[in-house]
Structures are given as structure tokens and as C-alpha cells.
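S.K.: Return atomic coordinates for the entry below.
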Amino acid sequence: MERVYQFLRREGSTALPVLRLSRPKANALNLSVVQEITEAFTALAHDESVRAVVLTGEGHFFSAGLDVVELAGYDVAQSETFWYAFARMLETLALFPKPWVCAINGHSPAGGCILAICADHRVMAEGPYTIGLNEVPVGIVVPEPVYVLYSQWVGPGRAYQYLLQGRLLTPAEALSAGLVDAVVPPPQVLETALYTARVYENLDPDTLRKTKLNLRQAFARSVEGGFEKTFGDTLRHWWSPGARAALQALVQKLKK
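M.R.: Residues are numbered from 1 along each chain as shown. Prediction:
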């Protein structure tokens with residue numbers, strides 16, 4: 001019996017499923033969403049009928065990133081559980097053995113962008129949307145594996161500067177930088193992503209799997225040390241006075 005998720009819907013064909021983030025109001029990532037994404041991609045990795053996957057959102061947000069309003073209320077133990085789950089999700093998505101395409105239907109800052117850079121191809125909607133990694137301005141330490149993934153698409157120099165600045169890009173800027181591969185009108189985002197996924201679907205899966213593993217070696221090496229090496233500083237800094245002040249300021253802004 002197929003697993004039913006609370007915040008993730010499965011659509012599309014058996015061989016080419018579409019996973020749709022569906023959590024009001026902006027598909028923000030809390031512990032439940034992170035765990036559902038990990039579980040879904042893990043199951044699809046072992047499903048021999050699946051040849052490719054598309055991940056998208058709904059409304060004007062692909063994902064607003066971390067649900068900082070909820071996360072700010074987590075205690076120490078809950079925060080540790082969340083960041084361990086987030087690290088596992090990142091590794092699951094980035095090392096997914098089959099091709100997958102991100103259909104970015106709207107805003108995709110911070111954690112939303114992290115989901116996107118794990119994909120093999122990104123299609124983004126035209127419009128007044130932004131995408132990028134703005135963790136530093138809100139007091140979150142960026143782990144090395146995220147830099148490795150980001151630099152694979154925009155290059156080391158841009159990734160370095162964009163991360164330090166917390167820069168968010170328009171769809172046109174993201175296309176120019178190499179962060180996304182296509183920008184299309186909103187009604188065409190999913191259709192375009194499915195077209196690309198079908199191209200992958202027609203290629204030999206074993207060849208794709210082995211090639212993906214080769215192409216993601218830099219990322220694989222960056223996570224070899226385990227959680228303490230990759231996300232340890234992020235978790236500890238999460239509770240530092242400066243980070244908590246920045247987080248609370250953001251929470252108040254979002255609540256308004």
C-alpha cells in the first residue's frame with residue numbers, strides 16, 4: 001500500500017512520479033516535511049518501476065525554506081533532531097541514484113534553494129520570485145556540503161560571494177548565473193520539468209546511476225565525516241546569542 005504523506009502529494013505516472021510540496025502557507029520546512037521528503041525519495045530510490053522524479057510546490061512558493069517560526073520554538077533536543085533530519089535529507093536528495101528535476105513554481109529562498117540545488121535540473125517560473133541562499137543574514141552557519149552543491153552550479157567564486165552576502169536572485173539572474181537551467185511562464189513550469197525528466201527516463205538507468213555517483217564525488221567526500229563535521233557548527237551556532245537575536249527578529253518580522 002502506497003504511503004500517504006501529510007505535506008507531500010504524489011502525482012503523475014508510476015515510472016515518472018511528481019512529488020508536490022503542499023503545506024500552507026508557503027511549503028516551509030519543519031521536521032515533518034523534512035522527514036517526509038527523505039522517506040519519499042528513499043522509497044523511490046528502491047522502486048524499480050521509477051525511472052525519474054519531479055519535485056514541485058504549489059501556489060507562489062516552491063518552498064520558503066525553514067519554518068523559522070516553528071523552529072524558533074524548538075528546545076535543544078528538538079533542534080538537534082531537526083538538524084540531524086535535515087542533514088539526512090540533504091544527503092538523500094544529493095545522492096539520489098536516479099535523475100530528478102526540480103519544478104520551481106515560485107519563491108525558493110534558503111532551504112527551498114537547498115532542495116533545488118540537490119536536483120539534476122531546475123526549471124523556474126518567470127515572475128516576481130527569488131531564489132538563493134540567504135542563511136548568513138538570518139544567523140545560520142552554512143555547512144560545507146551546501147557550498148559544494150551550490151558551487152557545482154554557479155561556480156566556486158560566485159557561490160562564495162553569494163553565500164557570504166546571502167544574495168537572493170531573480171529568475172533571470174538565476175538563469176544567467178547557472179543556478180537554474182530554464183525560466184518559463186508559470187503554467188509551463190511543470191510541463192517543462194516533465195519533458196526534461198522524460199529525456200532522462202529514456203536513458204539507461206545503470207549508466208545514469210554510475211555517472212551521477214561520479215559527478216557527485218565532491219559532495220560525497222564533503223559528508224564523509226558525518227554530522228559533527230558537516231552540521232556540528234550549524235547546530236551549535238543556532239543557540240548562540242547573536243544567532244538567536246537574528247532568528248527572533250526574523251520571527252517577529254514574519255509574524256507581522
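S.K.: Which strand or helix spans Val123?
M.R.: Using DSSP states H and E, Val123 sits in strand 121-125.
S.K.: Over to Gln35?
M.R.: Going by DSSP H and E, Gln35 is part of helix 31-46.
S.K.: Run through who's touching that helix.
M.R.: For helix 31-46, contacts defined as C-beta atoms under 8 Å, 6 or more residues apart in numbering pick out 3, 5-8, 10, 17, 19, 21, 23, 27, 50, 53, 67, 78, 81-82, 85-86, 88-89, 92-93, 96-98, 100, 115. No exception for glycine: its C-beta is placed from N, CA and C like everyone else's.
S.K.: And the very next helix or strand once past that helix, what does it pack against?
M.R.: Downstream of helix 31-46, the first helix or strand assigned by DSSP H and E is strand 53-56. Counting contacts by 3 or more C-beta pairs under 8 Å, 6 or more residues apart in numbering; DSSP states H and E, strand 53-56 packs against strand 17-21, strand 100-104, helix 189-201.
S.K.: Can you give the strand pairings for the next helix or strand after the second one, parallel or anti for each?
M.R.: Looking back up the chat, that one is strand 100-104. Going down the chain from strand 100-104, the next helix or strand is strand 108-109, by DSSP H and E. Strand pairing for strand 108-109, determined by DSSP bridges: strand 131-132 (parallel).
S.K.: which residues touch the helix or strand that the strand it pairs with is followed by?
M.R.: Sequence-wise, the next helix or strand downstream of strand 131-132 (DSSP H and E) is helix 144-154. When contacts are defined by C-beta under 8 Å, 6+ apart, helix 144-154 is touched by residues 90-91, 94, 114, 117-118, 133, 158-160, 162-163, 177-179, 218-219, 222-223, 230.
S.K.: just to revisit the earlier point, wait, which of the helices and strands packed on strand 53-56 is closest to Lys256?
M.R.: strand 17-21 (24.5 Å; C-beta to C-beta).
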